[in-house]
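Undergrad: Next input, structure requested:
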Amino acid sequence: MNGSEAFSTFLFLCVFVVLGSAAIGAFVRTLLRREAPGVGIFFLIWGSGFGGIPLLMGGAILLPSERPALFYALVFVFVMAIMLVALMPSELFQKDASGNFPTAIVGAILAMFGAAVLILTWREGLGIGLLFGGGMAIGGVVILFRAVLTALHAT
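TA: Numbers count the residues shown, from 1 in each chain. Model prediction:
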């Protein structure tokens with residue numbers, strides 16, 4: 001598999017990995033808040049299948065390719081989505097902050113994909129990929145940080 005096919009596979013698998021790991025993050029969130037894990041168990045089972053299977057497929061497809069670092073970026077996106085949903089402030093889920101929640105999610109997704117592009121292009125040196133990934137990651141962190149601060153000040 002050449003580099004462009006591997007990158008296309010990475011992007012395709014990222015969609016499922018982000019959705020599945022966000023569901024696992026919802027389960028971890030219920031554990032951290034010491035709530036009853038009733039619905040959280042469903043999110044764990046569904047997220048493990050929806051995000052874990054593409055992660056395993058990514059390992060089988062991307063590790064033997066010309067760019068095995070894509071698999072490590074996929075694992076990074078998997079772990080970061082779990083941590084993001086699990087550790088997101090509860091103020092963003094309240095009705096008063098409903099306008100900030102989509103903004104925070106967009107910022108988080110931009111930061112994750114920007115960091116993944118940054119990881120993938122780090123060895124190539126300063127170039128358009130490194131600048132694009134860094135800019136996207138920093139922009140996503142700023143958007144996420146601003147949405148969280150706005151939600152915290154609103155309550």
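Undergrad: Walk me through the domains of this structure.
TA: Annotated domains of the chain cover 1-87, 89-155 [automatic domain parsing].
Undergrad: Switch the ones you listed over to TSV; also include mean pLDDT.
TA: Listed next are the domains of the chain as TSV, based on pLDDT from 0 to 100:
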stretch	mean pLDDT
domain 1-87	86
domain 89-155	75
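Undergrad: how about those domains in a markdown table, adding mean neighbour count?
TA: Glycine gets a C-beta too; all of them are placed from N, C-alpha and C. Putting the domains of the chain into a markdown table (neighbours: other C-beta atoms under 10 Å) gives the following:
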| stretch | mean neighbour count |
| --- | --- |
| domain 1-87 | 17 |
| domain 89-155 | 16 |
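Undergrad: hey, where'd the helices end up in this protein?
TA: Remark: helices assigned in the chain by DSSP state H are 3-32, 38-62, 69-87, 100-121, 128-154.
Undergrad: Could you name the helices and strands sitting against the shortest one?
TA: This points to helix 69-87. Packing partners of helix 69-87 (3 or more C-beta pairs under 8 Å, 6 or more residues apart in numbering; DSSP states H and E): helix 3-32, helix 38-62, helix 100-121.
Undergrad: Next one: the residue lying closest to F71 once chain neighbours are set aside from L131, what distance?
TA: Excluding the flanking residues, the one nearest F71 by C-beta to C-beta, 6 or more residues apart in numbering is L62, at 4.0 Å. With distances taken as C-beta to C-beta, to the nearest Å, L62 is found 24 Å from L131.
Undergrad: How about F42?
TA: 41 Å.
Undergrad: Likewise for W122?
TA: According to C-beta to C-beta, W122 and L131 sit 12 Å apart.
Undergrad: repeat for E66
TA: For E66, the distance to L131 equals 23 Å [C-beta to C-beta].
Undergrad: try V117
TA: 10 Å.
Undergrad: What of A108?
TA: When A108 is compared with L131 (using C-beta to C-beta), they lie 21 Å apart.
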